[in-house]
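Chemist: Sequence first, predicted coordinates after that:
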Amino acid sequence: MGKKVKKEAEPPPKDVFDPLLIESKTPATVALMLSSPETEVLAKACDALYKFASKGDENKVALLGLGALEHLYKLISHEDPTVRRNAIMVFGIMASNHDVKKLLRELDVTNPLISQLAPEENVVIHEFATLCLAHMAVEYTTKVKIFEQGGVEPLIRLLGSPDPDVQKNSLECIYLLVQDFQNHAAVCELNVIPPLLKLLESEYPVIQLLALQTLEVISKDRETRIILGENNGLDCLLKILETNELSDLHVETLAVLGNCLEDVHTLQLMQQTGGLKKLLSLLGTSTVPNIQKNAAKAITKAAYDSEIRKILNEEEVEKCLLKLLETGNDEVKVAASQAISAMCVDSKYAFGLQGIPQLVQLLSSDNEEVKEAAVTALASLTAASYSNASAVVEAEGIEPLVNTLNAQRDGAIASAVTVLTNLAMQESARVSIQSHGIMSALVEPLHSANSQVQSKAAFAVAAFGCDAVARTELRNAGGLGPLVELLRSKNEEVRRNACWAVMVCASDELTAVELCRLGALDIIEEINLSTKRKNKFSEAALEKLLDNNLSQKYSRLGYLSSSNIITNGFYDCGQIKPGAKFLSLEELSMQELTDRRAIIFINAKPQEEVNDYSVSNHNSFRKSKKFSLGKNKYLDQFPTVNLAEIQRLLSSMYMFFYIRKGKGKKEEEKAKEVIDITLKVPEEVNLENSPWLPPSDFILMDYINDASKTILPLTTTREQVVALAQFVADRMGGSIERDKLHDFSWELHISEIEFELKCNIVPIGKIKKGTFYHRALLFKVIADRIGIGCSLVRGKYNRAWNEVKLVDDSPKGIAGLLLPPQDYIVDLMFEPGFLMKQGSAKADQYKRI
C-alpha cells in the first residue's frame, strides 16, 4: 500500500481582505465611516455616534460640524433594518438641538421619518422617529409638512402602541400640532378622542398630563365637546377629580371641563347626569388654590352665554363663588370676583345680600389686582340695581370707593367711578358721596391717559355736577382744565361724555365763565362744525355755555332769545371775529382809550349792593373787597388810584353818575354825595392793590324804576311794548326822520363819553343819542326787568332790533277765537312803537336801511 499524501489547504482568494477590528477615539473618523458600503461598519458607526451625541449638546454641534447629518439622512431609509434603526436613533437624540433642527428642515426629513411609522417597523424606530418629529413639530412649517405628508394618522395610531415612550412621543407631537386652531378639526376627524381618553388610564403621569393638555386644546371646539360627551369623556374627567391620588392632574382636568361648561348642549348633559352638581360640590370642598382659581375662571368664561348662566343659576353656583371670596389666596379672590361680574347679569340679588359686604372689604386690600376685581364686580352688581346700590352704602362702601380713585390700576379707577355714579342715582347716596369730596377726587382721573378712565370720570362729573356745591368744588380743585382738554379727545365716547359734563357744569354761572376762559366754547364750536364729531351733547353744551354767558353769546351769535335774560354785568363789545379771544370786561377796562367801537355796559345794581359786588355770569371779575366810600360806596373804573389823586379825579367821577341840568334838587344832592367821597375814604384802604370794580349805572336804575311805574300798569302786552319803545326812544334821542338819519351824530356823542370817562366802556345810561343797536339793547334790558318777552338780534351796519310775539285780535264776527302769536319787529328809530310783522316789507326795510 502506498503512503497517503497529505493535501495542503488552499490559500484564500487574493481579492478578499481579512477581517479587521478598528477602534477609533475621534468622532471625525467615525463620521467618515458613515460612507462605508459595509452594513456592519455603518451599524457600528451609527451606534457609536448615538452614544457620543447622547452625552450633551456640544457633541451634537460637533457632529453637525463634521457633516454627519447629511450621511445619516441617507441611512434612515437604508435597506438594512439595523442600520436604519441606528441612524434614526441618532436623528432622534440630535433633534433637540436648535441648529440640528434647522438643518433637518432643510433636508426635508419629515417624509422619510413618517414612512418609518408603519405598523411593521421596529418599536425602537417608532420611538426615535416620533421623538424626532416631536422635536421638529414646534415649528409651524414642520407642522404643515406633517399634515400634508399624512403624518397625523400614523401618529394617532401609535397612541395605542404598547411602548410608553412611543405613546409619549406621539402624544407630544399631536399636542404640538393642535396648537394651531385650523388643525383641530382634522385631528378630531381621525378619531383622536377615544385613544386620548384611554391614555388617561396610563400608569405614567407624564402621559396622562399630555393627554389632558391635548384634550384641553381641542375641546375648545364644539364638535369635540360633543364627541367627548358621546364617548363618556365627562365621566372620565369627573373620576379624576374624585380621585385624590390624581390631585396633580386636577388643574388640567378642570381646564377641559371648563371648556365643556361653555357649551349649552354639553352642560345640559352634565346637568341631566348629575355631573354638574358633582363638579360644583367638588369645587366647594376643595382647598387647593389652583383648583379654586381655575374653577372660577371656567365659570367666568362660561357665564357669558345667557342659557349657560341660567343653568349655573339653577345649580346655585353663586354659593360656590361667594365661598371662594372667603379664601386667603389673592388669586382665588380675583378669579371669584371676576366670575361674580360675569354671573351677576342674572344673579344680582343672589350675590347682593352676602357678596357686597365681602367685596367692599376687598376694596381695602393691599393687592391692586384684588382691588380691581372686587370693584369691577361691584360695578356690575350696582348697575340698574337700587337694592344693591343701597347695600353698598349700608356696607360703608363710599369711603373705600372714593379712595380707590387713587388706585394704581386704570381698571380699578374706571370701575370705582362707575360704582359711585351708579350710587349717585339715589339722592341720599349722592349727598353722602359729595361729602367725601368726590369732585376733588375726580380731578386726577380726568388727567388720566386711559380713555376708559377719562370717559367714566367725565360721566361722573355730569352725574354729580347737577349740584352747585359740587360744581364749586370741581372749579376750586382745578378740575375744569382737564375736563376741557377731554373735549379734544379722538375717542368718541370720551368726547361725548366730556360734552355732557360741560353741559351740566355750564348751568353754574361762574363755572360757565371759567369754562369759556379755558377755551371750552371754542373747542365745542369746532366740534359742532364736524358732522362726524358733533353729537347732541356738544350742541347742548354750546347752547348752555352761551345761555349762561350772554355777553359772549351775543358777541358770537348776534342773537339773544326771550329766555336769555340780560342781568347786571352784561356788555356788548360787538361781533367777535372767528378765532379771536373773547375778553372779559376787566381785561377790556385795562386797555387804552381807542377809536374802536365802544363797549356798552349794563349794571343796574342798587347802591347798597355795590360794596358786595361779586362776579356776574357774564364777566370774569374777581370777587370784590368791601370798601366804605361814603354813602355811594363806589370805586371808579381805574385799576389803581392813590389818595392823593382822588381830588383830581372828582370831576370825571362826577360825570359818571347821571346829573341832568334843570332836574331839581335831587340831582344836586347826588352830586354832593359824590363830592363827599373825598372826606370819607378810610386811610387803611389800599386802592393800588384793589381789584377793578364795575361802576353802577344809576341812570339805568332810574330808567327801570320809571318803566316799572308807567308801563307795567298797562293792560295788554301790545300796549306795554309800544309804550316801552317810545320810552326807549325818548331816552336815546327821540325819533329820527329816515332821510335825516345820516345827520344823527351818535358816533360823536359816544366818542365824547369815552373821552370823558377815559375808557372804552360806556354805561348804557350815559348814552343820550343812541342808534339802532343802543336802543335795541336798552329795550331788551328794560323788557327783561319788567317781564316783557323779547329777543335781541344783531344785524349789519350797526343795525339791531327786537322781536316780540303778540296775539292779534280775533277777526270781526268771530269772537273768542284764540289766534297763534305772531312775530313783530319793534320800531325804535323812525316811528317808535310801530310794530312791523316779521317778514313784511317794512320789517325787512327796517333791518337793512
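Modeler: The structure has been received and is ready for your questions. Residues are numbered from 1 along each chain as shown.
Chemist: Next one: residue 332 from residue 374, what distance?
Modeler: When CB to CB, to the nearest Å is the yardstick, residue 332 and residue 374 sit 13 Å from each other. Yep, even glycine has a C-beta here, placed from its N, CA and C like the rest.
Chemist: and what of residue 85?
Modeler: With the distance defined as CB to CB, residue 85 ends up 61 Å from residue 374.
Chemist: And the two? Which one has more around it.
Modeler: Neighbour totals were compared for residue 85 and residue 374, and residue 374 leads with 32 against 24 (other CB atoms under 10 Å).
Chemist: Spatially, which residue comes closest to that one, not counting chain neighbours?
Modeler: For residue 374, ignoring the flanking residues on the chain, the nearest one in space by CB to CB, 6 or more residues apart in numbering is residue 362 at 3.6 Å.
Chemist: so the one you found sits right up against residue 372, yeah?
Modeler: No. Between residue 362 and residue 372 no contact is recorded; they are 9.9 Å apart, counting by CB atoms under 8 Å.
Chemist: Count the residues that sit near residue 579.
Modeler: Neighbourhood size, residue 579 [other CB under 10 Å]: 7.
Chemist: residue contacts, the residue nearest to residue 374?
Modeler: With contact set as CB atoms under 8 Å, 6 or more residues apart in numbering, residue 362 has these partners: 325, 333, 337, 370-371, 373-374.
Chemist: Try it again at 7 Å.
Modeler: 333, 370-371, 374 (CB atoms under 7 Å, 6 or more residues apart in numbering).
Chemist: Could you tell me which of those are located in helices?
Modeler: 333, 370-371, 374 (DSSP state H).
Chemist: Look up how far residue 762 lies from the nearest residue to residue 738 once chain neighbours are set aside.
Modeler: Nearest non-adjacent residue to residue 738, counting by CB to CB, 6+ apart: residue 830, 5.5 Å away. In this view, residue 830 and residue 762 are 24 Å apart by CB to CB.
Chemist: Just want to know which of these two has more residues nearby.
Modeler: For residue 830 versus residue 762, the count of surrounding residues by other CB under 10 Å is larger for residue 762: 22 against 16.
Chemist: tell me the mean pLDDT for the longest strand along the chain?
Modeler: Criterion DSSP state E: the longest strand present in the chain is strand 800-806. pLDDT averaged over strand 800-806 equals 95, rounded to a whole number.
Chemist: Same question for stretch 54-72.
Modeler: Along stretch 54-72, the predicted local confidence has a mean pLDDT of 83.
Chemist: For it, what is the distance to the chain centroid?
Modeler: Chain-centre distance of stretch 54-72: 57 Å, with CA atoms, centre = their mean, to the nearest Å.
Chemist: what's the answer for stretch 484-493, then?
Modeler: So, by CA atoms, centre = their mean, the centroid of stretch 484-493 is 10 Å from its chain's centroid.
Chemist: start to end distance for that stretch?
Modeler: Start and end residues of stretch 484-493 are separated by 15 Å (CA to CA, to the nearest Å).
Chemist: Buried ones in that stretch, by neighbour count?
Modeler: For stretch 484-493, the neighbour count (16 or more other CB atoms under 10 Å) marks 484-487, 489 as buried.
Chemist: hmm, who's touching stretch 363-371?
Modeler: So stretch 363-371 is in contact with 330, 333-334, 362, 374-375, 400-401, 404, 407-409, 412, going by CB under 7 Å, 6+ apart.
Chemist: Among these, which one has the most neighbours?
Modeler: Counting neighbours by other CB under 10 Å, residue 374 leads these with 32 neighbours.
Chemist: In contact with it, which residues?
Modeler: 337, 359, 362-363.
Chemist: Using JSON lines, lay out the residues you listed together with distance to residue 344.
Modeler: JSON lines is the format used below for these (distance: CB to CB, whole Å):
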{"residue": "337", "distance to residue 344": "11"}
{"residue": "359", "distance to residue 344": "11"}
{"residue": "362", "distance to residue 344": "15"}
{"residue": "363", "distance to residue 344": "17"}
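Chemist: domains of this structure?
Modeler: The chain breaks down by the TED database into domains covering 22-107, 316-427, 437-548, 585-604+696-847.
Chemist: Where among those is average confidence lowest?
Modeler: Between the domains of the chain, the one with the least mean pLDDT is domain 22-107; it has a mean of 83.
Chemist: Can you tell me the element residue 64 falls in?
Modeler: Secondary structure here is read from DSSP states H and E; on that basis residue 64 sits in helix 57-65.
Chemist: Measure how the next helix-or-strand element following that helix sits relative to helix 57-65, angle-wise.
Modeler: Stepping forward along the backbone from helix 57-65, the first helix or strand reached (DSSP H and E) is helix 68-75. Taking axes from the mean of the first three to the mean of the last three CA atoms, to 10 degrees, one finds that helix 68-75 is oriented at 70 degrees with respect to helix 57-65.
Chemist: which strands and helices sit next to helix 68-75?
Modeler: For helix 68-75, the contact count by 3 or more CB pairs under 7 Å, 6 or more residues apart in numbering; DSSP states H and E identifies helix 39-53, helix 81-94, helix 98-107 as packing neighbours.
Chemist: let's see it at 8 Å
Modeler: Judged by 3 or more CB pairs under 8 Å, 6 or more residues apart in numbering; DSSP states H and E, the packing partners of helix 68-75 are helix 27-33, helix 39-53, helix 81-94, helix 98-107.
Chemist: So which of the contacts of residue 374 is the closest to residue 220?
Modeler: Nearest to residue 220 among the contacts of residue 374: residue 337, at 24.4 Å, using CB to CB.
Chemist: residue contacts, the closest one?
Modeler: Taking CB under 8 Å, 6+ apart, one finds 325, 359, 362, 370, 373-374, 376-377 in contact with residue 337.
Chemist: Could you find the closest non-adjacent residue to it?
Modeler: Once chain neighbours are set aside, the closest to residue 337 by CB to CB, 6+ apart is residue 373, at 3.6 Å.
Chemist: now residue 180
Modeler: Residue nearest to residue 180 in three dimensions, not counting chain neighbours: residue 143, with 6.3 Å by CB to CB, 6+ apart.
Chemist: what's the spacing between the one you found and residue 136?
Modeler: The value you get for residue 143 to residue 136, if CB to CB is used, is 9 Å.
Chemist: quick one on the thing from earlier: hmm, the residue nearest to residue 180 is touching residue 177, no?
Modeler: Yes. In this structure, residue 143 is within contact of residue 177 by CB under 8 Å, at 5.5 Å.
Chemist: which of the two has more neighbours?
Modeler: Using other CB under 10 Å, the more surrounded residue of residue 143 and residue 177 is residue 177, with 25 against 22.
Chemist: Next up, the contacts around that one.
Modeler: Residue 177 neighbours (CB under 8 Å, 6+ apart): 137, 143, 146-147, 152, 155, 183, 187.
Chemist: Run the chain-centre distance for stretch 347-354.
Modeler: With CA atoms, centre = their mean as the basis, the distance from the averaged C-alpha position of stretch 347-354 to the chain average is 28 Å.
Chemist: again, but for stretch 199-218
Modeler: Computed by CA atoms, centre = their mean, the separation of stretch 199-218 from the middle of its chain amounts to 43 Å.
Chemist: Please state the offset of the strand or helix carrying residue 440 from the chain centre?
Modeler: When elements are assigned from DSSP H and E, residue 440 belongs to helix 438-446. For helix 438-446, the gap between its own C-alpha mean and the chain's C-alpha mean amounts to 15 Å (CA atoms, centre = their mean).
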